[in-house]
Every structure is written in C-alpha cells, then in structure tokens.
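In: take a look and give me a structure for this.
(chains A and B)
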Amino acid sequence: MKKRLLSTILTGALLLSVLAGCGSDDGQGEAASNGTPAGTGTAEADTAGVAGGSLRPETRDKITVILFGEESPRMQELMENEFQQKFIDEINTEVELMYLPWTENGAGGKVDLMIASGQKFDACIVDPRWAASSYSKGYLQDLSEVIDTYLPDWHENVDPTAFDAYRYDGGVYAIPIGNKPTGGVYSTVCVRQDIMDAIGMDKISTLEDLTEYAKKAKEQYGLYATYELANAEYIIRGTSDRNLIPLCTGILIDQDTKELVNFVESPEFEAAVRLYNDWYAQGLIPKDILTNTVTLPFQANMSSFMRGTCGTTLIENEPGLQSVVPEAKTAEYYIAPEKPIYKKSYENTAFQVPVNSTKADRVALFVNLLQKDTEMANLFAYGVEGTDYELIDGKVSKINTEELFYEWMIYNVKISSPTTAYTDEFMEIYKNWDDKALPALSFGFNIDYSNVQTQKAQIDSAWEEFANPMLAGLKDYDSSIEELKAELDKAGWDEYMAEIQRQFDEHLANK
Amino acid sequence: MKKTKIKQSASDRALRIFFYIFIGFFAVISLYPLLLAVGTSFSDEVSVTVNGYSVIPKKFSLEAYKMILGSLGKNIMNAYCVTIAVTVIGTLFSLLVSSAFAYVLTVSEFRPRGALNMFLYIPMIFSAGLLPWYIMCTKYYNLTDKFWALILPCCINAFNVFLLRNFFKSIPEELAEAAKIDGASYLRIFSVIYFPLAKVGLVTVGLFYALSYWNDYYLALMFINKQKLYPLQYYLYNMLANVQFIANQANASLGYNINIPLETTKMATICVTIGPIILLYPFAQKYITKGVIVGAVKG
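Out: Here you go, the predicted structure:
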C-alpha cells in the first residue's frame, strides 16, 4: 500500500515538473532557424506618429545587450541610475546588459549557442571575422533599413566606410561603433628612442638601419632584437618594392597588381628568412622566441623593438616600459617611408543584432546615442562629470578607474575627450594619422573557410611546424624551404589558394 | 607484557630508508608546482616576466591579490558563498540521488533494473550534443539564472553511480534478506543497512562530487548571467579572461596604459580557489584509496 502511494506521489511530482517546464516558455519560443528579420517592421510601427523629426519612440521598450568581461561595481550602479535614466530620456528604452567572459567572444561561443537555441537578446558586440561566420550560418539580421533611419548622429561622427566590413550580398549586418585612426597599423616598427639617441642614430628607414640598431642595442644594452617573427608587416615592408599586405596564413595581397601572393614562394619570404637567419647567427634573436609566452617582452625590457600601432605605442608601450627602465622613450618608424600607408580596417567593433530579435531599431538608437556627441561619448565611457572624472583643459582626468562602457569601443576621435595622459602634440599627430592612408584591397574582405576547413587546419599546423622555425631564424632558408613547400602542398595548398582566390575575385568584383 | 619487536635486517632498514627518501623526494616534486604558484602570486609582475617563476619571490608584491580582492572583494565573497552553497547542497543532493539509483540497481527483485542500467550506460557512450542539452536546460527546464542550474545538470554522474552500485554489491545480500523477513521496507533497508555500510564508498563518491561542484564553471558559463549567482570558479575564470584580453589589447584604445599583472594574477587566482577544497583532502584521504579500489574491483 505504502509503495503504491509513494509511486503515485512520485509520478505526480514528475508530471507536474514536466508540465511546469513546458508551460513557462518565457517568450523564448521563436527559433533562430525561422530566419525572418523582424526588427524593421516593429521599428516603423514604434516611431510612427513621432512629431518634429525626433526618433525617440513613443512606447517604452527594453533591449538586452551582451558585452564581454565583467560589470564593475560602478557600472552596475550607473546602469541602475544615471545611464538607465539617460537611455529612457533619450531613446525611451531600458537597456539591460548581460556580461559573458571574453573567451566567448567569437564564433562557436555562447552567443552563437544562444542564437541557435532561440534564446532572446537584442545585440552583442562583434568583429568582422565573427560576423562573417555568423552571417554564413544565418544568425544575423540585415540592418540596411534601420541604419538609414536610426543613426543620424552616428553618420555625423563615424566614417560610413566602416560598414564595408559588415556588408554581405548587398546587406549590412552590424553597426560599427567608435572611430580611431588605424592607417599603417603594424607597418611601423616601435623602437627605443633613448637607445637611438645613445648610439647616435636619428632614423630607421631600412632593414639595414634596423639591423644596425638591433646590433648596437644588443652590444650596449644586452637586449634581444625582437620576439616577433619575420612575417611581421614592418619586416615584409622592407624586403622589396612591392606593397604587400598580409591576408591570411601564407597569403599576401599585392596592393598594386591586386594579386594574391604565395608568401613562401615570394622573394620577400626568402629575404625575411635570410635576415632572421643572419640575426639568429649574431645572437640577436632569443633562443626561446617560439616558446616563450611572455605577453609583452618589449615592455619588460627584453627586446629592443616591436611592431608599432599607428602612433599609440607611445601611449601603450611607454608607461609599462618606464616602470622597468624609467628613462626609456619610444618612437615609431616606417621602414621604406616612401611607400604608401594602407588602412586595413576602420572599426573592428560593431553591434550585431540576432535574427530573432524584434528590436533592431532600438539597438540602432542605442548605438547612435553612444556616438551622439561629446557629452554622451564621455558620459558612457568615463561616467558622470565631477563624480567619475574631471575635465582639465578639455582633457579627462579620471577619479573613478573602474571600467564602464569600454573606452576602446566608444572612443571616437571626432567627439571623445582624450585623457590627460595624452599630450596635445600626440593628439595632433593622432588625429591626422590617417590623412595619407590608402584603403587596402582587403578591407571588408572576410574569408569563409567552410569549403577548405580541413586544408586550412592542416596548413595552419604545417605553418606552425615548418614555417615558424624559419621565420624565427632558427632554421636555415636553403635547407628548409623545399620541405616547407612539400608540407604545404601535402596539406592542400592548391585547393586553399584557389578557394581564397575565388572569394577574393568576387570581393573585387563587388567593390 | 613487554612488546617484542621484530628485528629488522640491515638490508630491510636500508631499503626502508631508501623508500622514505624516495617518497619524500617525490612528495617535494609534487608539491613544487603548488609552491611555485604561491611564490609567483606574491611576486612583482615585471620580475616574473624577466626572471621567470620562483618559489621565493624575487621582488615581493601584493598587486595580484589587490587586483583580485581589491574593489571586487565583495563580489568575490558573494561568489565564495555561492560556491560553498552549490558544493554542499549539490554534493548532498547528488549523493542522495546517486545512492538511491545505485541501490535500485542492486535489488535483484526489481525487474526493470536492466533497462535502468542501459538508461545510465547509453549517455556515457553517446551524447546528444551541446545544443539539445542547452535547449533542454534553458527552454524546457528554464534553468537560466536559477541557482539550481549550477546543480541539476550535473547532479548524477554515471561513473559514480556504478562505483556506488559496486559498493552496495559488496554488502552481503543476507543482511537485506534478514531485514526483509523482519518486515523492513526497501526504503528502510536502504537507509538503515546499505547507506551506513557503504560509508567508505559514499565518502569517496561525495568527494568526487564535491570536487566537481567546487571546480565547475561551465554550468555558470552556460546558464548564469546574473553576477550575484556567479560561483567562484566562474567569477575568476571571467576575471582572468578579462585580464588576458586587456593585456593583449593592441591599438585598442586611448585608455589602457595600465600594467596588468597577468602571470601573477593567474597564480593568485589558483591560490584563492584551491584553498578550502584542499583542506577537505586530509579528512577524506583515508577513505579515498580504499573506496576507489573496492568500488572498482567488484563486478
């Protein structure tokens, strides 16, 4: 009798839990696979009847935005008070932030899983590579209509070319945010200016100059040359007259002839490897170049140069370096300064809207607000003036150091105030950094590897095993080049190259 | 009465000394990585970058601990509480469910036990994959942002159930039969006879469960978005991923001119997370070896 009663109760409990589980769908019923972009329709309905050209919707709504990292205590506070109030006042929208670890930033992470399983959210930051992958899976919503209507201030402050990185088949699939100079990024070499002064060098414009500098830095300061490999852009830049920009593993683009170049078979590869062979023989290259995982060896005073990042190395590298060597100064030089400078990307960060969100209009308004003007850009990046930061001569002096909305995401050279760490001279150079830059052919080109997945994996593996030791100078060019070519061929180089060539031709045809 | 000692030969003594030295040496080798982690966590980041890891810090610094426990100390304490709650409740719940399941599998009169066995075996070999599991947990069980999301999806482990089943099988069946003759129900036999007699196995399996709950961050990664429900491991995993991102950030901003103690933070993270669980080991150690061996050999 007892058994019967117990089993009846258990069955009842199980049945109830199943019913409860199935019953509370929580509005998550729409699967991503329906593939219907739903945002624009609601957008029109919401703002219809708004007078005076204001885009503020009449009805209150809520959007969920995914960011990565960790919400700082101050950010939590601001999102409950000042920031939230500003969102309601300006765009009549409540914004809920959801934070995921940075490890989930990219294809195949939790965000993809959420879209595939139909879990609701309205926006998430994305980069061009990830967007290309998500677009191919049908996860992204076409935002062509909303960007025309809901980004009035954005269009004033951001270069619309930034959309190119997110255009596929005539549609636009993410809204870029921020505006920073990127011309010639990684094409410069960042060196120790204090060492240059001490050894009597006033410029570095050739690989011979760089070699001389590296040798003297080693002799007089005991520093290795670099922990970067010979395929660094500033090295390739100095190896020939061609204007080559790296595209992907083993492939470069000749910016003049518009051809893809097989790096391994190019004279530039030979010159770069021979240079590193020579440096290695002279003891300029550290023996642990391929195995040492030190994140920032230049800043740790272990090497005498590294790649430059369009002027900002002065800001990014010097403070760290000066904590080890207080008198250290840095400077960036172009190897072959007569060659053109290329801008390979505009903004790498954008907001994607998943295909099952119905609030693309609100997301566009949200991004627009973050880039509206100096007041808004400063508010969301630095916080409340007087509480979180002070303005001193137009520059931001932080009182609160906790992260709010990412500064690197919001920073817009046209509207954002720089911090007091940046001198006027620096800002003058920085603002005009892109003036002479030409758009690179690869801009907006995202490779879809799905047809050559196996080849790509094998080539990456072969590259790591056979090319990297050569590019580190450890393996001699003459005795290793044939083996490398054979391994790449075995890994499926021809199919890989043909597929990328096909996609690149399409890209050029659509430009 | 005077105790008589068995006299050891010189070769026995020599062998014994050799074993002690060898085991002692091995213990030091095993302990060394932990000491290295502790030493590095108290080191200055630059000195670690330049000189590498060391047991005794070359330049003492509390920067990594300041970063972890500083302004985020409150969040860390909250994460500790969540982890402790998940570990305690999860372990008890898992033990209850697993032992009940395991006991049922040993009752010969229970006919569907073959089917139940398969029910347990099949998911060990075949998995439906991540997406169906995720959809099941989020859309049907509605576990998103629920405390139980940190327990339920992993509350039963097939390996542990088999281990417990073997423990129960090692208990003489006559005991259960005698109890049955005296009128005891299955629930009573399980709770009064089997449960106490399988103490060794329960402690072993309990420790396995406790460890898996303590170390788990994946369930939080999948189902938890609210920071107040972050368990410790996930909180620190998130923080470390964040630090790594900032440190690798090139040309990203006009704001990140700060030095992130990356290597030392990693080590400090290890020290903060292993603390309490490492204390469990000495108490449970005597049961572990015995438990695993008995559970493993009985078919």
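In: what about the closest residue in space to B:E263 that isn't next to it in sequence, which SS state?
Out: Once flanking residues are discounted, B:E263 sits nearest to B:V48: 4.9 Å by Cβ to Cβ, 6 or more residues apart in numbering or on different chains. The way it works is simple: take the backbone N, C-alpha and C, and place the C-beta from them, glycine included. B:V48 carries the three-state label helix when classified by DSSP: H, G, I helix; E, B strand; the rest coil.
In: what residue is smack in the middle of chain B?
Out: For chain B, the residue nearest the mean C-alpha position is B:L211 (1.1 Å; Cα atoms, centre = their mean).
In: now do the same contact list for B:I89.
Out: Applying Cβ atoms under 8 Å, 6 or more residues apart in numbering or on different chains, we find B:I89 in contact with B:I151.
In: count of residues packed around the residue nearest to A:K359 when sequence neighbours are not counted?
Out: Spatial nearest neighbour of A:K359, chain neighbours left out: A:D122 (4.7 Å); criterion: Cβ to Cβ, 6+ apart. A count of neighbours around A:D122, defined by other Cβ atoms under 10 Å in any protein chain shown, yields 27.
In: follow-up on the earlier one: just to check, the residue nearest to B:E263 is in contact with B:T40?
Out: Yes: using Cβ atoms under 8 Å, B:V48 makes contact with B:T40 at a distance of 5.9 Å.
In: which neighbours do these two share?
Out: Counting by Cβ under 8 Å, 6+ apart, the common neighbours of B:V48 and B:T40 are B:263-264.
In: phi first, then psi, for the residue nearest to A:K359.
Out: Main-chain torsions, A:D122, degrees, to the nearest 10: phi -110, psi -20.
In: for it, report the pLDDT, please.
Out: The per-residue pLDDT reported for A:D122 equals 95.
In: where does residue 5 land on pLDDT?
Out: Let's take chain A. A:L5 is given a pLDDT of 54.
In: um, chain B though
Out: As predicted, B:K5 sits at a pLDDT of 68.
In: then the one 3 residues further on?
Out: Note for B:Q8: predicted pLDDT of 76.
In: helix/strand/coil for the closest residue to chain B within the stretch 151-300 of chain A?
Out: Nearest to chain B, among the residues of the stretch 151-300 of chain A, is A:A300, at 4.1 Å (Cβ to the nearest Cβ). Taking three-state DSSP as the rule, one finds A:A300 in the coil state.
In: still on that earlier bit, and the residue nearest to B:E263, how many neighbours?
Out: Residues near B:V48, counting by other Cβ under 10 Å: 26.
In: would you mind writing the CA trace of stretch A:413-423 as CSV?
Out: This file holds the C-alpha atoms of stretch A:413-423, laid out as CSV (Å, rounded to 0.1, in the frame of the first residue of the first chain):
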residue,chain,number,x,y,z
VAL,A,413,38.5,60.8,-32.4
LYS,A,414,35.9,63.3,-33.6
ILE,A,415,33.9,63.6,-30.4
SER,A,416,35.6,61.9,-27.4
SER,A,417,37.8,63.9,-25.0
PRO,A,418,41.2,62.3,-24.5
THR,A,419,42.6,61.7,-21.1
THR,A,420,45.2,63.8,-19.5
ALA,A,421,47.8,61.1,-20.3
TYR,A,422,47.9,62.4,-23.9
THR,A,423,49.8,65.5,-24.8
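In: pull the contacting residues for the residue nearest to A:K359.
Out: Neighbouring residues of A:D122 by Cβ under 8 Å, 6+ apart: A:63-65, A:353-354, A:357, A:359-360, A:362-363.
In: now those residues in a markdown table, with secondary structure, neighbour count and pLDDT?
Out: What follows is these, written out as a markdown table (DSSP: H, G, I helix; E, B strand; the rest coil; neighbours: other Cβ atoms under 10 Å in any protein chain shown; pLDDT from 0 to 100):
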| residue | secondary structure | neighbour count | pLDDT |
| --- | --- | --- | --- |
| A:I63 | strand | 23 | 96 |
| A:T64 | strand | 19 | 95 |
| A:V65 | strand | 20 | 96 |
| A:V353 | coil | 31 | 96 |
| A:P354 | strand | 25 | 96 |
| A:S357 | coil | 24 | 94 |
| A:K359 | coil | 25 | 94 |
| A:A360 | helix | 30 | 94 |
| A:R362 | helix | 30 | 95 |
| A:V363 | helix | 28 | 95 |
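In: and which of these is nearest chain B?
Out: Nearest to chain B out of the contacts of A:D122 is A:T64 (Cβ to the nearest Cβ; 9.1 Å).
In: who are the contact partners of that closest one?
Out: Counted by Cβ under 8 Å, 6+ apart, A:T64 has contacts A:96-98, A:120-123.
In: max pairwise distance over those residues: which two?
Out: A:L97 and A:K120 (14.6 Å; Cβ to Cβ).
In: skipping adjacent residues, who's closest to B:T87 in space?
Out: Excluding the flanking residues, the one nearest B:T87 by Cβ to Cβ, 6+ apart is B:Y213, at 4.5 Å.
In: roughly how far apart are that neighbour and chain A?
Out: If you measure B:Y213 against chain A using Cβ to the nearest Cβ, to the nearest Å, the figure is 19 Å.
In: B:I274 now?
Out: According to Cβ to the nearest Cβ, B:I274 stands 20 Å off from chain A.
In: give me the three-state assignment for that residue.
Out: The assignment at B:I274 comes out as helix when based on three-state DSSP.
In: can you give me the pLDDT of the residue of the stretch 151-300 of chain A closest to chain B?
Out: In this model, A:A300 is scored at 80, pLDDT.
In: helix, strand, or coil at the residue nearest to B:T87?
Out: helix.
In: test my guess that it contacts B:L95.
Out: No: with contact defined as Cβ under 8 Å, B:Y213 does not reach B:L95; the gap is 11.4 Å.
In: between these two, tell me which one has more neighbours.
Out: B:Y213 (27 against 20).
In: test my guess that A:N292 contacts A:P286.
Out: Yes: between A:N292 and A:P286 there is a contact under Cβ under 8 Å: 6.8 Å.
In: need the overlap of contacts for the two.
Out: Common contacts of A:N292 and A:P286 (Cβ under 8 Å, 6+ apart): A:Y227.
In: the two: who's more crowded?
Out: Higher neighbour count among A:N292 and A:P286: A:P286, with 20 against 13, using other Cβ under 10 Å.
In: I'd like to know how many residues surround the closest residue in space to that one that isn't next to it in sequence.
Out: In space, and not counting its chain neighbours, A:P286 is closest to A:Y224: 4.5 Å by Cβ to Cβ, 6+ apart. Look at A:Y224: counted by other Cβ under 10 Å, it has 21 neighbours.
In: so which bits of the stretch 51-200 of chain B are right by chain A?
Out: B:71-72, B:74-75, B:130-131, B:134-135, B:138-142, B:144, B:185, B:187 (Cβ under 8 Å from any Cβ of the partner chain).
In: just the buried residues of these.
Out: Buried by 16 or more other Cβ atoms under 10 Å in any protein chain shown: B:72, B:75, B:134-135, B:138-139, B:141-142, B:144, out of those.
In: mind putting those into CSV with distance to A:F466, pLDDT and secondary structure?
Out: As requested, these are arranged in CSV below (distance: Cβ to Cβ, whole Å; pLDDT from 0 to 100; DSSP: H, G, I helix; E, B strand; the rest coil):
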residue, distance to A:F466, pLDDT, secondary structure
B:L72, 45, 62, coil
B:N75, 47, 77, helix
B:Y134, 39, 92, helix
B:I135, 43, 92, helix
B:T138, 44, 91, helix
B:K139, 47, 89, helix
B:Y141, 49, 92, coil
B:N142, 51, 91, coil
B:T144, 46, 90, coil
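In: all set now, cheers.
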